[in-house]
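Participant: just a sequence and a predicted model for now, questions to come.
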Amino acid sequence: MLHTVNKSPFEKNSLSSCLAHAKEGSAILLIEDGVYGALKGSKMAAEVQDAMGKFTLYALGPDLKARGIADKIIDGVKVIDYAGFVDLACENDKVQSWL
Amino acid sequence: MKFTIQVSEGPYNHQASDTAYQFAKAALAKGHEIYRVFFYHDGVNNATRLTTPPQDDRNVVNRWSALAAEHNLDLVVCVAAAQRRGIADADEAKRNGKDADNIAPGFRISGLGQLIEGGIQSDRLVVFGD
Amino acid sequence: MGGDVKKFMYVNRKAPHGTVYALESLEVVLIGAAFEQDVSVVFIDDGVFEIVKGQVTTEVEMKNFSNTYKALEMYDVEKLYVSKDSLEERGLSEDDLIVDVEVKTAAEIAALMEEQDVILSF
């Protein structure tokens, strides 16, 4: 299934809660302020990198660009656009939004 | 594929309505069907035609109305959430003794059952909120 | 409605009163019950505060909807799950809760979530 996270991990626990409650093999898409979770060198980076062994991590490119961090993200995080978001929502049988 | 989209936040305060709009537009561009967009919580504030954003900014409300007109979308505003927040169509305004309505074109007011029914009838339900 | 029964899960992660999400989420659960789907409600993170006993809202002059959770059973909404970790992190136990629930680990909640057809998140 697909999980979306739209909160900065520096403000809310949505990303951590998502990582704790997602089953191995899930797709996790960071959107809106959630994209800060993909930031390289942050205090969250180790947790996110660790999670990439279990999940496929995506970040919404338009949100990365809007926040000026498009070239500062953790290696291996897949950057997608809104069309890619729609594809992920189709490929996965359901969507849970970690608000 | 058939989608129902829930929008739980109002315009401008939170990005949820923007992301939902971009998602809906991208889905339609790919030939998917948007069965319904359901506006809940402060999301009902997306349905007032009285918003007047600055000229150099996007018009979130008009954008939904335009998308609805172009693709014959069903934009449903939760009646209970709308009553709390002062969003009314002509019927609602009359029923509740109000002197005006403010619903934007393309939106309709209905019950929460429309959200559940959207979940039942659609292949996917995607929530955009805060 | 037609078609088969779908598995609906309501995911509650917000505390009551501070924002309206908990109350309006409960309203969806109550309305949704009429559709006779296979419903489960899960309380994670601050959502566990929604069902804490002893809420008194007279002085804040807001609606006390905590007793309504007890009525869910009458609506045939009987699958209530609470995150073990979320309870423990907040110094709470099952005895602090206003309704009978099943306490679940994160892995168990993940498995339940995976079984669903539709997830409504608040």
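Facilitator: That came through fine.
Participant: mind listing the strands for the chain?
Facilitator: No chain was given, so I picked chain A. A:2-5, A:27-30, A:56-60, A:78-80, A:95-98 (DSSP state E).
Participant: not quite, go with chain C.
Facilitator: C:7-12, C:38-43, C:79-83, C:102-104, C:118-121.
Participant: over to chain B?
Facilitator: Secondary structure of chain B (DSSP E): strands at B:2-7, B:33-39, B:75-78, B:107-110, B:124-128.
Participant: can you pull the pLDDT of residue B:8?
Facilitator: Per-residue confidence (pLDDT) for residue B:8: 98.
Participant: re earlier: of the strands of chain A, which is nearest chain B?
Facilitator: strand A:95-98 (4.3 Å; CB to the nearest CB). Placement of C-beta: from N, CA and C, glycine included.
Participant: direction included, what does that closest one pair against?
Facilitator: With DSSP bridges as the test, strand A:95-98 is paired with strand A:2-5 (parallel).
Participant: and the strands of chain C as TSV, adding mean pLDDT?
Facilitator: Output for those, formatted as TSV (pLDDT from 0 to 100):
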stretch	mean pLDDT
strand C:7-12	98
strand C:38-43	97
strand C:79-83	98
strand C:102-104	98
strand C:118-121	97
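Participant: so for residue C:19, which of the strands of chain A sits nearest?
Facilitator: Proximity to residue C:19 (CB to CB) singles out strand A:95-98 among those, at 15.8 Å.
Participant: next one: the closest one to chain centre, how far?
Facilitator: Relative to the chain's own centre, strand A:95-98 is displaced by 11 Å; criterion: CA atoms, centre = their mean, to the nearest Å.
Participant: dump that strand to CSV, restricted to CA.
Facilitator: Only the C-alpha atoms of strand A:95-98 are listed here, as CSV (Å, rounded to 0.1, in the frame of the first residue of the first chain):
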residue,chain,number,x,y,z
VAL,A,95,-3.6,5.0,0.5
GLN,A,96,-3.2,6.0,4.1
SER,A,97,-2.4,9.7,4.7
TRP,A,98,-0.3,10.4,7.8
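Participant: report the contact partners of residue 93.
Facilitator: No chain specified, so I'll use chain A. Residue A:93 is in contact with A:1, C:117, counting by CB atoms under 8 Å, 6 or more residues apart in numbering or on different chains.
Participant: switch to chain C, please.
Facilitator: Counting by CB under 8 Å, 6+ apart, residue C:93 makes contact with residue C:87.
Participant: give me the pLDDT value at it.
Facilitator: For residue C:93, the model assigns a pLDDT of 97.
Participant: please apply the same query to residue C:1.
Facilitator: 46.
Participant: circling back to that earlier point, okay if I get the strands of chain A as a markdown table plus mean pLDDT and mean neighbour count?
Facilitator: Formatted as a markdown table, the strands of chain A follow (pLDDT from 0 to 100; neighbours: other CB atoms under 10 Å in any protein chain shown):
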| stretch | mean pLDDT | mean neighbour count |
| --- | --- | --- |
| strand A:2-5 | 98 | 27 |
| strand A:27-30 | 98 | 26 |
| strand A:56-60 | 98 | 22 |
| strand A:78-80 | 98 | 17 |
| strand A:95-98 | 98 | 25 |
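Participant: how deep is residue B:35 tucked in, by neighbour count?
Facilitator: Per other CB atoms under 10 Å in any protein chain shown, the neighbour tally for residue B:35 reads 21.
Participant: quick check, it in contact with residue B:4.
Facilitator: Yes - contact between residue B:35 and residue B:4 holds when scored by CB atoms under 8 Å: they sit 5.1 Å apart.
Participant: so what sits against both of those two?
Facilitator: Residues touching both residue B:35 and residue B:4 (CB under 8 Å, 6+ apart) are B:118, B:121, B:122.
Participant: scan these and report the most crowded one.
Facilitator: residue B:118 leads the shared contacts of residue B:35 and residue B:4 on contacts (other CB under 10 Å) with 23 neighbours.
Participant: dump the residue contacts of that one.
Facilitator: Neighbouring residues of residue B:118 by CB under 8 Å, 6+ apart: B:4, B:6, B:35, B:36, B:38, B:76, B:125.
Participant: before we move on, back to that, can you redo the strands of chain A as a markdown table with distance to residue A:44?
Facilitator: Listed next are those as a markdown table, based on distance: least, CB to CB, whole Å:
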| stretch | distance to residue A:44 |
| --- | --- |
| strand A:2-5 | 11 |
| strand A:27-30 | 11 |
| strand A:56-60 | 12 |
| strand A:78-80 | 18 |
| strand A:95-98 | 14 |
